Each structure stands twice: as structure tokens, then as C-alpha cells.
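Visitor: Have a look; sequence and predicted model below, questions after that.
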Amino acid sequence: TPDLTYAEYARRGFFELVFAVVLVVPVLLAADWLLDRRIRRDALVFRGLAGVQIGLVLAITASALERLRLYHASYGLTESRFYAMVLLIWIGAMLFWLAATVLRGRRDSFAFGALASGLATVALLFVINPDAIVARTNVARMASAAAPPRFDVAYATSLSADAVPVLLDALPALPRDVQCPVARRLLRRWPPGRDRLIRSWNWSAARASDAVREHEARLRSMVGPDQECAAPGTG
């Protein structure tokens with residue numbers, strides 16, 4: 001489509017899905033509440049129509065996920081794209097749960113399951129370190145592409161401390177014109193000799209500083225004595 005960017009294409013699919021879910025889920029829950037289940041024909045008609053409606057919204061979910069996948073394949077992964085993908089997957093799971101409860105006459109179980117799955121998703125995000133996944137995915141994208149895309153040094157080094165070990169491990173495999181700016185930014189942001197105040201201490205930051213200290217000699221050899229690097233590419 002002329003003048004349609006990947007970003008607009010992905011955002012349009014994402015917000016179309018959210019709008020559809022906001023409309024469909026409350027309507028189906030209200031219809032199920034108003035339904036007189038003593039009339040078997042009405043219950044069967046509702047289940048059929050509700051099943052079709054949920055199937056259509058799931059098709060929109062699949063379309064939105066595919067748009068995000070194309071966006072990520074073209075420009076790499078960011079925190080916002082990662083969280084959008086997680087939200088789409090959770091919405092898809094919630095729709096399956098809606099079908100498993102409401103269509104079987106167990107509407108009261110839907111709210112608890114949806115809330116529990118949302119809390120479980122948030123807890124899982126704390127465990128899997130999203131910034132480390134973003135960095136690892138973008139590094140792997142550089143290695144797997146036939147024509148390696150430009151690596152966004154500024155964004156990669158602006159991620160939280162969780163991304164530092166991933167960047168350090170991947171540094172030797174990155175292009176030479178990328179190694180120097182990455183090394184320089186890591187040394188500046190996570191200096192080995194930084195003061196560690198108890199009030200601001202956290203495990204991820206301490207681990208990042210320790211990792212930079214462990215690889216300090218290699219990082220300084222990449223930067224060189226003049227501390228000058230070629231302008232990094234952005235993606």
C-alpha cells in the first residue's frame with residue numbers, strides 16, 4: 001500500500017484488535033447473563049453465534065501478530081514491540097478461555113481465570129528479563145541475516161542492566177564498526193569503579209557492573225586510546 005509504513009501497519013492491526021476485544025467481550029458476557037437457559041434453542045443459537053464471534057476476533061489476533069512479526073523482522077525487536085506481542089498472546093489466550101467458560105455455561109469462572117492469567121503473565125515478565133530477550137533477539141537477527149542489517153547501538157546500550165551480559169557475550173561476533181561504540185557506551189554507562197550506594201543498589205545493575213569489570217581489558221582494547229569511534233548505524 002503506498003505511503004503505509006511497517007509501523008503504521010503494525011499499530012493499525014494492534015489497535016483494531018484491542019477495539020474489537022473491548023466491544024466483543026463485554027457484549028458476549030452481557031448476552032450470556034441475559035440468556036434464559038431454560039429455552040434450549042436460545043442457548044444453542046447463542047453458543048453458535050458467540051463461537052463465530054470469538055473465532056473472528058481470534059482471526060484478527062492472528063493478523064495483528066503477523067503484522068508485528070513483519071515489523072520485527074524488518075526493524076528488529078524493541079521493548080514496546082515485545083510487550084505488544086505479549087499482550088496479543090494474552091488476549092488470544094483470554095479469548096480461548098472465554099470460549100471454554102461462557103460457551104459452556106460457566107461465565108462465573110471467566111473473570112477469575114482472566115485475572116489470574118494476567119497476573120501470571122506480569123509475574124513471568126519479571127522472571128524472563130524482557131530487555132535481555134530484546135538484546136539477544138537483535139543480536140541473533142544480525143547473525144542470521146544474509147545481508148546483516150544495521151545494529152542500533154544507541155538503543156541496545158540504552159536497555160536496562162539485564163541486557164549487558166548479552167551484549168558482552170555477543171560483542172566479538174558483531175561487526176567491527178559496531179564493537180567500538182558498544183564497548184565505549186558500556187564503559188561509560190556501567191563503569192567498573194562506580195560507587196554502589198545501598199539505597200540505589202539492585203542485583204541487575206551490580207551484575208552488569210561486575211560483567212563490565214570482568215571484560216574491561218577487552219572493552220578498552222576495542223575502544224582504543226583515542227576513545228574515538230565511527231558513527232554507529234541505526235536500525
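Guide: Cool, got the structure.
Visitor: which residue sits closest to L70, ignoring its sequence neighbours?
Guide: Of all residues not flanking L70 in the chain, Y6 sits nearest, at 6.5 Å (CB to CB, 6 or more residues apart in numbering). All C-beta atoms are positioned from the backbone trio N, CA, C, and that covers glycine.
Visitor: How about the contacts made by the residue most central in space within the chain?
Guide: By CA atoms, centre = their mean, the mean C-alpha position of the chain lies nearest to F82, the distance being 1.2 Å. F82 makes contact with 130, 133-134, according to CB atoms under 8 Å, 6 or more residues apart in numbering.
Visitor: That one: helix or strand, and which one exactly?
Guide: helix 79-102 (DSSP states H and E).
Visitor: Check which element follows that helix along the chain.
Guide: helix 108-128.
Visitor: contacts for the following helix or strand past that following helix?
Guide: Following helix 108-128 in sequence order, the next helix or strand is helix 130-144 (DSSP H and E). Here helix 130-144 makes contact (CB under 8 Å, 6+ apart) with 72, 76-79, 82-83, 148-149, 151-152, 156, 159-160, 162-163, 165-167, 170, 173-175.
Visitor: Just the buried positions in helix 130-144, please.
Guide: 130-139, 141-142 (16 or more other CB atoms under 10 Å).
Visitor: Count the residues that sit near A173.
Guide: Residue neighbour count, defined by other CB atoms under 10 Å, stands at 12 for A173.
Visitor: Please apply the same query to R184.
Guide: Residues near R184, counting by other CB under 10 Å: 21.
Visitor: what does A208 give?
Guide: Neighbourhood size, A208 [other CB under 10 Å]: 22.
Visitor: ok, it - contacts?
Guide: Contacts of A208 by CB under 8 Å, 6+ apart are 161-162, 164-165, 190.
Visitor: let's see it at 7 Å
Guide: The neighbourhood of A208, defined by CB atoms under 7 Å, 6 or more residues apart in numbering, consists of 161, 164, 190.
Visitor: Show me which of those residues is closest to L29.
Guide: A161 (42.1 Å; CB to CB).
Visitor: Let me see the backbone angles for that closest one.
Guide: With angles defined as degrees, to the nearest 10, A161 sits at phi -60, psi -20.
Visitor: And the strands in this protein?
Guide: Counting by DSSP state E, the chain has no strands to list.
Visitor: any weak-confidence spans in it?
Guide: Along the chain, segments meeting pLDDT under 70 span 1, 144-149, 193-201, 225-235.
Visitor: Buried only: go through the contacts of helix 130-144 for me.
Guide: By 16+ other CB under 10 Å, the contacts of helix 130-144 give 72, 76-78, 82, 151-152, 156, 159-160, 162-163, 165-167, 170, 174 as buried.
Visitor: For Q179, see how far away L186 is.
Guide: Using CB to CB, to the nearest Å, L186 is found at 11 Å from Q179.
Visitor: Which secondary structure elements does the longest helix anywhere in the chain sit against?
Guide: In the chain, with assignment by DSSP state H, the single longest helix is helix 40-75. Packing contacts for helix 40-75, counted by 3 or more CB pairs under 7 Å, 6 or more residues apart in numbering; DSSP states H and E, involve helix 6-34, helix 79-102.
Visitor: So which bits of it are buried?
Guide: Buried residues in helix 40-75, counted by 16+ other CB under 10 Å: 43, 46-47, 50, 53-54, 57-58, 60-61, 64-65, 67-68, 71-72, 75.
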